[in-house]
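> Based on what follows, work out the 3D shape:
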Amino acid sequence: MSTHEPAEGADRLAPPAGGLPASPDHRVAERAAVDRAFSAFYRESITRLTGYLIVSGTPARIAADIAQEAMIELYKRWESVQYPRTYAYKTAGRRWARRVADLQREALVDELPESTSLLPQPDALAEFEARQQMLQVLKTLPLRQRQVLFLTLQSFTPTEIAEQLELEAATVRAHLMRARRAAAARIREGEAEE
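Residues are numbered from 1 along each chain as shown. Take a look at the predicted model:
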């Protein structure tokens with residue numbers, strides 16, 4: 001098994017002693033441990049991954065689908081992936097990039113999200129409005145700045161972001177600096193209009 005980022009509820013089983021082949025009971029227990037580790041990672045990460053996709057310009061319904069597809073892909077490779085969070089975000093980003101060409105033909109419309117476990121409490125209007133205002137600010141930023149700022153808010157380091165977006169860390173820092181300045185300016189403009 002490879003090393004994974006720690007996730008709640010994730011525990012490891014020791015390999016069978018003495019180099020003997022694993023018994024069927026041991027394989028079942030090992031599979032259950034892998035499933036528990038993945039389940040904990042999934043619960044901890046799916047909402048943030050969906051949010052990342054939405055901020056990157058993905059409509060909410062499509063973002064939820066892509067996040068699920070990325071998690072399925074990760075589950076299939078769980079034991080060989082060293083950094084599951086990075087893998088999930090990178091996979092989701094690539095899947096969205098493949099769909100962009102098709103979506104450019106359609107008009108994207110902001111809608112109230114349907115109630116799902118991935119988008120909890122859509123009826124909380126005040127919270128929804130605050131998120132929409134923030135999303136509007138983020139949507140005014142160029143794509144790279146939007147991605148870098150959102151990933152930073154998700155506690156990714158510039159080095160991790162650089163790896164995910166296949167950029168240099170210095171380039172990520174520059175995008176982040178510009179994104180923060182632009183977002184602050186947009187927020188000040190919005191406050192001045194009110």
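
> so where's this structure shaky on pLDDT?
For the chain, applying pLDDT under 70 flags the ranges 1-22, 101-131, 194.

> Three-state assignment for the residue nearest the centre of it, please.
Geometric centre of the chain, nearest residue: Leu49, 2.1 Å, by C-alpha atoms, centre = their mean. Following DSSP: H, G, I helix; E, B strand; the rest coil, we place Leu49 in the helix state.

> tell me the contacts of it?
67, 70-71, 88-89, 92 (C-beta atoms under 8 Å, 6 or more residues apart in numbering). Quick note: C-beta positions are derived from backbone N, CA and C, even for glycine.

> swap the cut-off to 10 Å and go again
Residues near Leu49 by C-beta atoms under 10 Å, 6 or more residues apart in numbering: 42, 63-64, 66-68, 70-71, 74, 85, 88-89, 91-93, 118, 154.

> Keep only those of those that are in helices.
42, 63-64, 66-68, 70-71, 74, 85, 88-89, 91-93 (DSSP state H).

> which residue packs closest to the residue nearest to the centre of the chain, ignoring adjacent ones?
Distance criterion C-beta to C-beta, 6 or more residues apart in numbering; nearest residue to Leu49, sequence neighbours excluded, is Ala67 at 4.6 Å.

> So what's the residue count around that neighbour?
A total of 29 residues lie near Ala67 under the criterion other C-beta atoms under 10 Å.
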